[in-house]
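K.L.:
here's a sequence, model it:
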Amino acid sequence: MNSVSKQKTQLARDSRRRFLKAAAAIPAVLGLGVLPINSLNAQTSVADSVKALTFDVFGTVVDWRGSIIREGQLLGARKGYDIDWAEFADRWRGGYGPSMNRVRTGELPWTKIDDLHRMVLDELVEEFNLEGLSEEELDHFNRAWHRLSPWPDTVAGLNRLKTKYIIATLSNGNVSLLTNMAKNAGMPWDAVLSAELARHYKPHPQAYLTAADLLGLDPEEILFVSAHVSDSRASAQTGMKQAYVIRPLEYGPGRQAPPPPEDEFDYIATDFLDLANQLGA
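P.N.:
A predicted model of the protein is given here:
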């Protein structure tokens with residue numbers, strides 16, 4: 001097992017151990033003695049009440065950074081560009097949030113992610129002096145986001161989770177992007193749900209509530225799976241249950257996000273296979 005895997009496994013084990021200890025230490029009130037609470041029973045209750053799992057996609061399901069770097073390197077080899085593709089990938093992704101904010105504030109009308117990605121790409125092409133790209137080449141490069149590679153555990157984990165639950169995307173990516181990504185990588189979604197259907201980008205509550213409505217479920221019957229605390233917190237406000245998945249390499253080696261707050265999640269998992277184990281799938 002490599003150091004990253006050990007770190008992920010130990011973090012999940014420590015989180016569950018501390019949860020068990022805290023639960024066992026809860027004193028009774030009114031002289032009733034120690035309350036019969038343990039995390040395994042609590043998790044079993046959550047697992048039994050949940051009917052569907054919805055997934056954040058970028059970073060949680062797929063490795064956007066590694067994928068964009070590889071696509072850039074292929075383009076660079078063909079066109080003779082000598083640039084730092086890791087920096088390019090980070091800058092492209094870095095434009096994602098600000099461009100969505102322009103939609104949220106009304107500066108832009110509803111604009112799908114494909115078009116927002118292209119707006120950022122056009123700026124970067126000029127900034128990095130990527131001369132000589134045809135419109136066809138630009139379009140193909142922009143659609144690299146349709147070809148993002150899954151994390152090594154993703155497809156196997158989804159297939160296991162699918163045996164017990166409805167599984168669906170709940171992403172800011174547009175429907176065509178998510179559909180092509182699933183087709184390319186063999187992701188077995190039961191449904192492809194997107195903020196595009198709500199015309200509100202996450203973390204707007206309507207993005208989560210629309211997904212629940214389209215699945216015909218109450219938010220409380222859905223477990224939202226994400227590697228991003230802010231996304232999880234927003235979905236929790238609508239009533240969804242929470243599973244945090246640790247993705248230490250999303251932003252590259254040595255740039256892992258800080259550990260998540262332990263008391264905010266029903267599950268903390270090292271990957272989708274670990275989550276499937278915890279859910280009994």
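K.L.:
okay, now the unreliable bits of the chain?
P.N.:
1-42 (pLDDT under 70).
K.L.:
what's the domain layout of it?
P.N.:
Here the domain assignment for the chain is 3-62+149-279, 64-147, based on automatic domain parsing.
K.L.:
just put the ones you listed in CSV and tack on mean neighbour count.
P.N.:
Placement of C-beta: from N, CA and C, glycine included. Output for the domains of the chain, formatted as CSV (neighbours: other Cβ atoms under 10 Å):
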stretch, mean neighbour count
domain 3-62+149-279, 18
domain 64-147, 15
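K.L.:
so what's the nearest residue to residue 250 once chain neighbours are set aside up against?
P.N.:
For residue 250, ignoring the flanking residues on the chain, the nearest one in space by Cβ to Cβ, 6 or more residues apart in numbering is residue 59 at 4.4 Å. Contact analysis of residue 59 by Cβ atoms under 8 Å, 6 or more residues apart in numbering lists 227-228, 247, 250.
K.L.:
any idea how far residue 59 lies from residue 123?
P.N.:
22 Å (Cβ to Cβ, to the nearest Å).
K.L.:
was I right about residue 147 contacting residue 74?
P.N.:
No: using Cβ atoms under 8 Å as the test, residue 147 is too far from residue 74 to be in contact (10.8 Å).
K.L.:
you'd agree residue 158 is up against residue 167?
P.N.:
Yes: between residue 158 and residue 167 there is a contact under Cβ under 8 Å: 5.9 Å.
K.L.:
where do the helices sit along the stretch 51-200 of the chain?
P.N.:
Secondary structure of the stretch 51-200 of the chain by DSSP state H, counting those that start in this stretch: the helices cover 64-79, 85-94, 96-104, 113-127, 135-142, 154-162, 175-185, 195-198.
K.L.:
about what we covered before: how about the contacts of residue 59 in CSV, adding distance to residue 47?
P.N.:
What follows is the contacts of residue 59, written out as CSV (distance: Cβ to Cβ, whole Å):
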residue, distance to residue 47
227, 20
228, 22
247, 22
250, 26
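K.L.:
just those residues now: which is nearest residue 87?
P.N.:
Distance to residue 87 across those (Cβ to Cβ) is lowest for residue 250, with 16.1 Å.
K.L.:
give the contact list for the closest one.
P.N.:
So residue 250 contacts 59, 63-65, 227, 257 (Cβ under 8 Å, 6+ apart).
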